[in-house]
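Enquirer: I'd like to go over a predicted model; first the sequence, then the structure.
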Amino acid sequence: MSQPLLAAVGQTARFAWEANYTIADPRWRLTQLHGLYQLVLSERSAIISALAQGDAKLSSAYEYEIGLLVRDIHLHIANIENAVAFEHVESSQLGSLRAIQRPCGVNMLISGYTNPIRFALGPLAASLAAGNVTILATTMQHDHAWVSCLRKAWSKFLDPDATFLVSSCRDGDFATAIADRITIYSKCGTVHLEL
């Protein structure tokens, strides 16, 4: 992936955010979470096969991870449906305030080979639930079976104007990213850096 291409994706994401694309329609978040749910369920076998590469133990582990992801998506949906428009906050200096939760804007999630169900699709679900325009960037190559599986299903289930999948990224590619928040998941699966 070249820096100019990632910068172009970032610019497109910025335009989508500035147009209030994800927050103008209150049902957008629910639609995207439902789409991710459908993507995971319809591509479950292909996802597990691509990641486990014939290893029975890994297949079982990824099956479990998909179950956790489906549960997380369900919880995000329930939280959206039960959300209040604003919440009262008391401040000793400012008195009574009404706080409104808003998305951060353009959210870039960067993950590699370590458990991409947990460290790519899980954060993607949370970002969609928040109403962010989201770029999912991975260091996996274009022709990796996992990336190919996602790429085939991405625009069928997710909004291509506000969710972006970028593969074959290198460390230097992220310097030009136009994002309000960048989260990098390291090889051991923990959050490495959050900007």
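Expert: Received it, and whenever you're ready, just let me know what you need.

Enquirer: C-alpha only now, for contacts and for neighbours.
Expert: OK.

Enquirer: residues contacting the residue nearest in space to the middle of the chain?
Expert: In the chain, the C-alpha nearest the mean C-alpha coordinate belongs to residue 124, at 1.7 Å (C-alpha atoms, centre = their mean). Contact criterion C-alpha atoms under 8 Å, 6 or more residues apart in numbering gives 109, 134, 136 as the residues in contact with residue 124.

Enquirer: helix, strand or coil for residue 134?
Expert: Remark: residue 134 carries the secondary structure label strand [criterion: DSSP: H, G, I helix; E, B strand; the rest coil].

Enquirer: who does it bridge with?
Expert: Beta-bridge pairing for residue 134 (DSSP bridges): residue 107, residue 163.

Enquirer: residue contacts, it?
Expert: When contacts are counted by C-alpha under 8 Å, 6+ apart, residue 134 is found next to 13, 106-109, 124, 127-128, 162-164.

Enquirer: could I get those as JSON lines with pLDDT and distance to residue 46?
Expert: Written out in JSON lines, the entries for the contacts of residue 134 read as follows (pLDDT from 0 to 100; distance: C-alpha to C-alpha, whole Å):
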{"residue": "13", "pLDDT": "92", "distance to residue 46": "28"}
{"residue": "106", "pLDDT": "94", "distance to residue 46": "29"}
{"residue": "107", "pLDDT": "93", "distance to residue 46": "27"}
{"residue": "108", "pLDDT": "91", "distance to residue 46": "25"}
{"residue": "109", "pLDDT": "91", "distance to residue 46": "22"}
{"residue": "124", "pLDDT": "96", "distance to residue 46": "19"}
{"residue": "127", "pLDDT": "95", "distance to residue 46": "24"}
{"residue": "128", "pLDDT": "96", "distance to residue 46": "23"}
{"residue": "162", "pLDDT": "94", "distance to residue 46": "24"}
{"residue": "163", "pLDDT": "95", "distance to residue 46": "21"}
{"residue": "164", "pLDDT": "94", "distance to residue 46": "20"}
